[in-house]
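*Asks:* Okay, predicted coordinates and the sequence, questions at the end:
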Amino acid sequence: MKALHFGAGNIGRGFIGKLLADANIELTFADVNQPLLDAINSRKQYQVKVVGEQAQLETVSNVSAVHSASPDAVALIAEADVVTTAVGPQILEKIAGAIAQGLVKRHAQGNTRPLNIIACENMVRGTTQLKQHVWKHLPENEQAWVNEHVGFVDSAVDRIVPPVEANQDDPLAVTVETFSEWIVDQTQFVGPLPQIAGMELTDNLMAFVERKLFTLNTGHAITAYLGQQARHQTIRDAILDTEVCAVVRGAMEESGAVLIKRYGFDAEKHAAYINKILSRFENPYLHDDVERVGRQPLRKLSAGDRLIKPLLGTLEYQLPNDNLIIGIAAAMHYRSEQDPQAQELAVLLANLGPQATLAQISGLDVQSKVVEQAVSVYNAMQ
């Protein structure tokens with residue numbers, strides 16, 4: 001079995017790439033970072049440090065790499081059994097052209113073996129969005145063939161992979177937490193369902209997508225934004241602050257009430273899931289900066305993402321949302337000289353004011369009570 005994985009960064013190497021290689025799948029990474037590609041091709045292996053109470057060093061072997069925009073990547077798509085991505089939501093559009101070319105080449109070569117493409121991104125139904133980008137590059141006369149032979153499989157992924165420590169001189173070394181979750185929509189596969197250790201199949205993906213989005217992502221973001229407000233440097237420092245933790249837990253309980261109402265999750269099991277997430281934030285072996293976790297506030301404040309989507313759920317079911325509103329207000333205060341979205345947010349706030357800015361980014365009604373509440377909390381945080 002052959003796999004091409006777009007994205008040789010920390011998440012690609014430490015999570016999805018590792019699971020594929022561990023399953024003895026012939027794995028090639030595709031990326032644009034030439035020194036990284038050269039290092040992978042030179043050594044054919046790298047080390048993953050899995051940290052927790054039982055830290056261990058694991059070696060990922062028999063891997064190679066190609067440039068994402070090269071003919072080699074296109075040729076591999078024509079031959080692969082699975083294509084995965086961990087490139088970030090904004091980059092999916094950029095790799096769609098190469099994928100489309102590979103699918104055309106696959107058809108021309110008469111390769112009718114099933115191919116399944118899985119975007120493993122921190123977003124809702126990322127593969128469906130990737131397919132839309134691919135379709136823009138795919139000739140109309142190829143689309144029926146691709147629909148028959150290629151599955152575009154949505155997934156939900158969860159593993160905290162912090163940046164490499166500054167004193168780490170190995171460009172391929174990566175650190176990950178022990179916990180990982182890769183849930184895929186079994187209804188979207190073409191051909192037999194794959195058996196890959198660490199990949200969990202479900203016929204109700206959206207329940208798990210929203211469980212992760214409304215819990216891990218919501219909690220992580222609010223920890224970062226409140227942590228920056230309280231001048232903490234890391235997620236661990238922030239979550240150990242009892243005031244920050246109380247709001248984060250409260251927000252996850254509010255979003256959890258939406259999930260329980262919407263999907264019938266067991267309340268006790270979901271409470272245990274929240275506790276598990278909080279314990280992961282406290283992991284002393286993960287040094288994750290609040291500034292890194294908080295980046296891209298415009299995306300995180302958009303209608304379908306981790307702050308506004310659970311808030312909309314509380315409005316739909318008439319549930320409490322005070323802590324989510326505090327998190328949203330804190331997100332509006334996020335600042336980073338390294339993040340273009342943070343700078344754009346600051347400009348919007350200066351030009352439009354908080355009420356119009358929040359409404360524009362989130363799609364919420366500018367005159368709504370919830371926007372009024374968020375702006376009130378935002379002003380109080382000044």
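*Replies:* Perfect, I can see it now. Residues are numbered from 1 along each chain as shown.

*Asks:* all contacts plus neighbour counts: C-alpha atoms, from now on.
*Replies:* Noted.

*Asks:* Grab the nearest non-local neighbour of K44.
*Replies:* V63 (4.9 Å; CA to CA, 6 or more residues apart in numbering).

*Asks:* Could you verify my assumption that the one you found touches A21?
*Replies:* Yes: look at V63 against A21 with CA atoms under 8 Å: they come within range, at 7.5 Å.

*Asks:* partner residues bridging the residue lying closest to A80 once chain neighbours are set aside?
*Replies:* Nearest non-adjacent residue to A80, counting by CA to CA, 6+ apart: K2, 4.9 Å away. For K2, the beta-bridge assignment (DSSP bridges) gives partners E26.

*Asks:* Check the gap between K2 and S42 for me.
*Replies:* Separation of K2 from S42 (CA to CA, to the nearest Å): 20 Å.

*Asks:* Give the intersection of the neighbour lists for V63 and A21.
*Replies:* Shared contacts of V63 and A21 (CA atoms under 8 Å, 6 or more residues apart in numbering): L27.

*Asks:* Report the contact partners of A96.
*Replies:* Counting by CA under 8 Å, 6+ apart, the residues that A96 touches are 130-131, 133-134, 137.

*Asks:* Apologies, that question was intended for E253.
*Replies:* Counted by CA under 8 Å, 6+ apart, E253 has contacts 271, 274.

*Asks:* name the element it belongs to?
*Replies:* helix 242-263 (DSSP states H and E).

*Asks:* Beyond that helix, next helix or strand please.
*Replies:* According to DSSP H and E, the helix or strand after helix 242-263 is helix 267-281.

*Asks:* Check which helices and strands that following helix sits against.
*Replies:* helix 235-239, helix 242-263 (3 or more CA pairs under 8 Å, 6 or more residues apart in numbering; DSSP states H and E).

*Asks:* And the helix or strand that Q129 is a member of, what does it pack against?
*Replies:* Using DSSP H and E, Q129 maps to helix 126-137. On a contact count with 3+ CA pairs under 8 Å, 6+ apart, helix 126-137 meets helix 92-108, strand 115-119, strand 150-153.

*Asks:* change it to 6 Å
*Replies:* For helix 126-137, the elements it packs on are helix 92-108, strand 115-119, judged by 3 or more CA pairs under 6 Å, 6 or more residues apart in numbering; DSSP states H and E.

*Asks:* between those, which gets nearest to Q360?
*Replies:* helix 92-108 (23.7 Å; CA to CA).

*Asks:* Now do the closest one against strand 115-119, angle only.
*Replies:* Angle, helix 92-108 to strand 115-119, by axes from the mean of the first three to the mean of the last three CA atoms, to 10 degrees: 180 degrees.

*Asks:* Helix 92-108: how far from the chain's middle?
*Replies:* Distance of helix 92-108 from the chain centroid (CA atoms, centre = their mean, to the nearest Å) equals 23 Å.

*Asks:* List the buried residues in it.
*Replies:* 92, 95-106 (16 or more other CA atoms under 10 Å).
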